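> sequence below, structure please.
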Amino acid sequence: MRDAVAVITGAASGIGRAAAGSFSRRGARIVLADVDGTGAERAAAEIRADGGSAVAVTCDVTRDGEFERVRDAALAEFGDVHLVMNNAGVLTRGLPEHIPVAEWQRVFDVNLLSVVRSNAVFLPLLLERGSGHLVNTASFAGLFSYAYDRLPYAASKAALVQLSEGLALYLRPQGIGVTVLCPGPVVTGIAGSIRSFGPPTATRGPGAEFEARQPGSVGELLADAVLANRFMVHTDDRIEPHLRSRAADWDAYLDTRIAALEA
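Alright, predicted model coming up:
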């Protein structure tokens, strides 16, 4: 990543902030974009204090024109863009009949359509050069269903996995790598964005076998995966039996999951 320019959304904290540090330690120059401009600047200052190069840009990924501002800031400061990490995300909670359409729209606007907006601005740069890398942050929730009270989040992340796979089919032959990061439990601040609807629901994770990881370890895992040009990056190999079991017999897998939820 020596001298590469990496643009990261949702970079003020959590996985985005950790990835910025990991990319920087490998020589990348970082543009940290976040709706929390103060947090993004604080993270950029920490990278600079560690000897890296970084700038912060306040960015609302749901608004038209915001990615153009981020692109222009990156070009003005560093002259190019080589890596784009679409990492902004929000979460909602409630039973399916209680979550309003407007909330579905909010979650999809941040978690999925922000990537569409990002692609419209940054892909032309990468395609013109014939090199670069995209990273999209999805989730375990986009790979298998372990709860039914956060369906907008899960559906948006599943769509992002499919979007990323299609992008890989299109971009890899043109010299551009695509990585989709699917974290399991990670200690981040995404809980601060949760909106709840209807009666309280029990918080269910993907499974007791999945321990929460620290963002720093995820950032290191991701940086190594980008350098190896890997597509699928998850944070725990113990997800693979779940995926194999579902692929072998989806109905039987659903029965097993329902029994687990009712236990």
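> going forward, measure contacts and count neighbours with C-alpha atoms only.
Noted.
> so residue 32, which state does it fall into?
Recorded secondary structure, residue 32: strand (DSSP: H, G, I helix; E, B strand; the rest coil).
> from residue 100, how far off is it?
32 Å (CA to CA, to the nearest Å).
> between those two, which has more neighbouring residues?
A side-by-side neighbour count of residue 32 and residue 100, using other CA atoms under 10 Å, places residue 32 first with 31 against 11.
> pretty sure that one contacts residue 56?
Yes - with contact defined as CA atoms under 8 Å, residue 32 reaches residue 56; the gap is 4.7 Å.
> for the protein, what spans make up the strands?
Per DSSP state E, the chain carries strands over the ranges 5-9, 29-34, 54-58, 83-86, 92-93, 132-137, 176-182, 195-196, 232-234.
> number of residues surrounding residue 204?
Applying other CA under 10 Å, we find 12 residues neighbouring residue 204.
> what about it? Give its phi and psi, please.
Main-chain dihedrals, residue 204, degrees, to the nearest 10: phi -120, psi 130.
> circling back to that earlier point, would you turn the strands of the chain into TSV with mean pLDDT and distance to residue 146?
Compiled in TSV, these are given as follows (pLDDT from 0 to 100; distance: least, CA to CA, whole Å):
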stretch	mean pLDDT	distance to residue 146
strand 5-9	98	27
strand 29-34	98	29
strand 54-58	98	34
strand 83-86	98	24
strand 92-93	93	14
strand 132-137	98	18
strand 176-182	98	14
strand 195-196	87	18
strand 232-234	96	16
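> any chance of the ones you listed in TSV, plus distance to residue 106?
Below are the strands of the chain laid out as TSV (distance: least, CA to CA, whole Å):
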stretch	distance to residue 106
strand 5-9	17
strand 29-34	17
strand 54-58	19
strand 83-86	17
strand 92-93	10
strand 132-137	17
strand 176-182	21
strand 195-196	11
strand 232-234	25
